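> This is a predicted model, with the sequence first.
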Amino acid sequence: MQTKIGIIGGSGLYDLAGLENAEWQVVDTPWGAPSDAIRVGDLGGVPMAFLPRHGRGHVHSPSTVPYRANIDALKRLGCTDIISVSACGSFREEMAPGDFVIISDFIDRTFARDKSFFGTGCVAHVSVAHPVCPRLGDVAEAAAIQAGVTVHRGGTYLAMEGPQFSSMAESKLYRDVWGCDVIGMTNMPEAKLAREAELCYASVAMITDYDSWHPDHGTVDIADIIATLGANSDAAKAMIAAVPALLGPDRAPCPHGCDRALEHAIMTAPDARDATLVAKLDAVAGRVL
Ligand SMILES: CSC[C@H]1O[C@H](OP(=O)(O)O)[C@H](O)[C@@H]1O
Ligand SMILES: Nc1ncnc2[nH]cnc12
């Protein structure tokens, strides 16, 4: 199987320079329109597909990002792997603005989003005990090192609904009681949907601020975040440029089973399935339906 790398760019990352034969491709999905057209092209002989999560011009809020359409569209284009790049606040002194964190786990506190491709008429339960792909995380870490970024391997990402930032009490709860390392508003349900779509998913948190817990840094401020985003997105582009050579053009089955997540997940009996929903699942779950 051929590798095709999907990149979801977060705040500050709206395009990917350096792709060969690049074009913006409009992709329609049964879940509606993705956040934007998708920039497709090749990098080092490996096909790539780049999707700005909030759309060019930052149109979608964290709650209105069309997460299902985004994941479906990348799957429909033939992506095997997704690297998500996101601006995040830090709960750890040593995870400083400008650093990258390869996320290892999530706590999902979002509540106003569609979180599954499945539902009435086709029920499925996938495991997200290990919500990211370690193989792809290895590649993202190595790429960040090659790009000269200070990178931390492992960290728990608190996904909040937003769009407002956390209160001081929430910030301290997530850090001191729940042991979270970073905070953002978008990686859930994105990671859960990537698992349902049997895609390897890795998340790279680009630290922009210390949220509101740090006694020496005041409370989170969007002006400070924007000031950090430019340098972070240049570093992210350098990291992404290193990914194709590290992942390679030929894709062996995922040793962690990401590409087989639906193997035993569908509960609804074949004769009880809703034909309309099954048709919508053609790209995401066609392999097992
Ligand atoms: C620009 S600050 C808040 C905004 O930035 C993050 O976006 P993304 O995860 O797409 O990089 C955060 O989740 C909020 O959406
Ligand atoms: N402190 C923070 N909280 C939530 N999302 C963020 N994105 C960047 N910084 C953030």
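Yes, it's here. Ligands and ions are numbered 1, 2, ... in the order given.

> pretty sure Gly121 contacts Leu281?
No: with contact defined as Cβ atoms under 8 Å, Gly121 does not reach Leu281; the gap is 10.2 Å. Backbone N, C-alpha and C define where each C-beta goes, glycine included.

> Compare the two and say which is more crowded by neighbours.
Between Gly121 and Leu281, counting by other Cβ atoms under 10 Å, Leu281 is the more crowded of the two (22 against 13).

> and that one, what does it touch?
Contact partners of Leu281, counting by Cβ atoms under 8 Å, 6 or more residues apart in numbering, are 117-118, 122, 289.

> what does Asp105 give?
Counting by Cβ under 8 Å, 6+ apart, Asp105 has contacts 130-132, 155-157.

> Repeat the analysis, applying 7 Å as the threshold.
131, 156 (Cβ atoms under 7 Å, 6 or more residues apart in numbering).

> And the pLDDT for it?
If you check Asp105, the pLDDT there is 98.

> same deal with the one 3 residues further on?
Looking at Asp108, its pLDDT is 98.

> and if you look at the one 10 residues further on?
Among the per-residue scores, Phe118 shows a pLDDT of 98.

> Test my guess that Ala202 contacts Cys133.
Yes: Ala202 lies in contact with Cys133 (Cβ atoms under 7 Å); the separation is 5.7 Å.

> Buried subset of the contacts of Leu281, written for PyMOL?
With 16 or more other Cβ atoms under 10 Å as the criterion, this PyMOL line picks the buried residues out of the contacts of Leu281:
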select buried, resi 117+118+122+289
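
> who in the stretch 151-289 of the chain is up against ligand 2?
With Cβ under 6 Å from any ligand atom as the criterion, the stretch 151-289 of the chain meets ligand 2 at residues 160, 165, 183-185, 208-209, 211, 220, 225.

> would you list those in CSV and tack on secondary structure?
Output for these, formatted as CSV (DSSP: H, G, I helix; E, B strand; the rest coil):
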residue, secondary structure
Met160, coil
Phe165, coil
Ile183, strand
Gly184, strand
Met185, coil
Thr208, strand
Asp209, strand
Asp211, coil
Val220, coil
Ile225, helix
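
> Of those, just say which sits nearest to Lys237.
Thr208 (16.1 Å; Cβ to Cβ).

> Report pLDDT for the closest one.
We have a pLDDT of 97 for Thr208.

> Find the closest residue to ligand 1 in the chain.
Among the residues of the chain, Gly10 lies closest to ligand 1, at 2.2 Å counting by Cβ to the nearest ligand atom.

> so what's that residue closest to, chain neighbours aside?
Spatial nearest neighbour of Gly10, chain neighbours left out: Ser86 (3.9 Å); criterion: Cβ to Cβ, 6 or more residues apart in numbering.

> Just the mean pLDDT for the helix or strand encompassing that neighbour, thanks.
Using DSSP states H and E, Ser86 sits in strand 81-90. On average, the pLDDT along strand 81-90 is 98.

> and if you look at stretch 23-41?
98.

> Go ahead and name everything in contact with that stretch.
The contact list for stretch 23-41, computed with Cβ under 7 Å, 6+ apart, reads 15-16, 19-22, 48-56, 60, 65-66, 68-70, 72-73, 76-77, 280.

> Report the buried residues of it.
Those would be 27, 29-31, 34-41, for stretch 23-41 by 16+ other Cβ under 10 Å.

> can I get the contacts of Leu281 in JSON lines with distance to Asp234?
Formatted as JSON lines, these follow (distance: Cβ to Cβ, whole Å):
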{"residue": "Phe117", "distance to Asp234": "35"}
{"residue": "Phe118", "distance to Asp234": "39"}
{"residue": "Cys122", "distance to Asp234": "43"}
{"residue": "Leu289", "distance to Asp234": "42"}
